[in-house]
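K.L.:
Sequence and predicted model, in that order:
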Amino acid sequence: MGKIMTIGWYPPHKAKELIKVYSSKDKPAYPDFLKKIQHLATVKEDGQWKNYAVYEFPDEKYSEAMKALIKRYTLYTSVEGYRFIAEFVMDAQDAMKLAF
């Protein structure tokens with residue numbers, strides 16, 4: 001299985017607006033093969049709120065998974081100050097196999 005981690009951050013005074021967009025019924029649906037396996041939040045030293053989400057998908061769906069996430073997360077950028085990145089990640093054990 002492949003994994004993508006998204007990291008989004010935004011100013012705290014925009015939290016309510018972002019939650020409204022996040023809760024919207026009009027946002028693009030994720031494909032059935034894409035599963036969110038973890039969602040975490042924290043506050044950075046500069047006061048920005050930061051969210052991490054990890055998604056899992058079948059290996060052969062890398063491109064489709066990334067496209068679906070970019071489409072969804074681009075909607076959140078309608079909230080002023082919201083930014084995000086999405087990157088492919090792997091378990092540390094799998095990464096170590098690449099080194100040896």
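P.N.:
Nice, thanks for sending it over. Numbers count the residues shown, from 1 in each chain.
K.L.:
beta partners for the closest residue in space to residue 48 that isn't next to it in sequence?
P.N.:
Distances taken as CB to CB, 6 or more residues apart in numbering place residue 9 nearest to residue 48, at 4.8 Å, with adjacent residues excluded. Glycine gets a C-beta too; all of them are placed from N, C-alpha and C. As for beta bridges, residue 9 partners with residue 50, residue 83 under DSSP bridges.
K.L.:
How about the contacts made by residue 9?
P.N.:
Listed by CB atoms under 8 Å, 6 or more residues apart in numbering, the contact set of residue 9 reads 44, 48, 49, 50, 51, 82, 83, 84.
K.L.:
Give me the buried entries from those.
P.N.:
The neighbour count (16 or more other CB atoms under 10 Å) marks 49, 51, 82, 84 as buried among these.
K.L.:
Going by distance to residue 21, which of those residues wins?
P.N.:
Distances from residue 21 to the buried ones among the contacts of residue 9, taken as CB to CB, are shortest for residue 82 (8.6 Å).
K.L.:
Was I right to think the closest one contacts residue 15?
P.N.:
No: taking CB atoms under 8 Å as the definition, residue 82 is not a contact partner of residue 15, at 10.3 Å.
K.L.:
quick one: the strands in the chain?
P.N.:
For the chain, the strands defined by DSSP state E occupy 2-10, 35-43, 49-57, 83-89.
K.L.:
Reformat those strands as JSON lines; add distance to residue 66.
P.N.:
JSON lines is the format used below for the strands of the chain (distance: least, CB to CB, whole Å):
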{"stretch": "strand 2-10", "distance to residue 66": "6"}
{"stretch": "strand 35-43", "distance to residue 66": "14"}
{"stretch": "strand 49-57", "distance to residue 66": "9"}
{"stretch": "strand 83-89", "distance to residue 66": "6"}
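K.L.:
any chance of these in a markdown table, plus mean pLDDT and distance to residue 69?
P.N.:
Formatted as a markdown table, the strands of the chain follow (pLDDT from 0 to 100; distance: least, CB to CB, whole Å):
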| stretch | mean pLDDT | distance to residue 69 |
| --- | --- | --- |
| strand 2-10 | 96 | 6 |
| strand 35-43 | 95 | 10 |
| strand 49-57 | 96 | 7 |
| strand 83-89 | 95 | 5 |
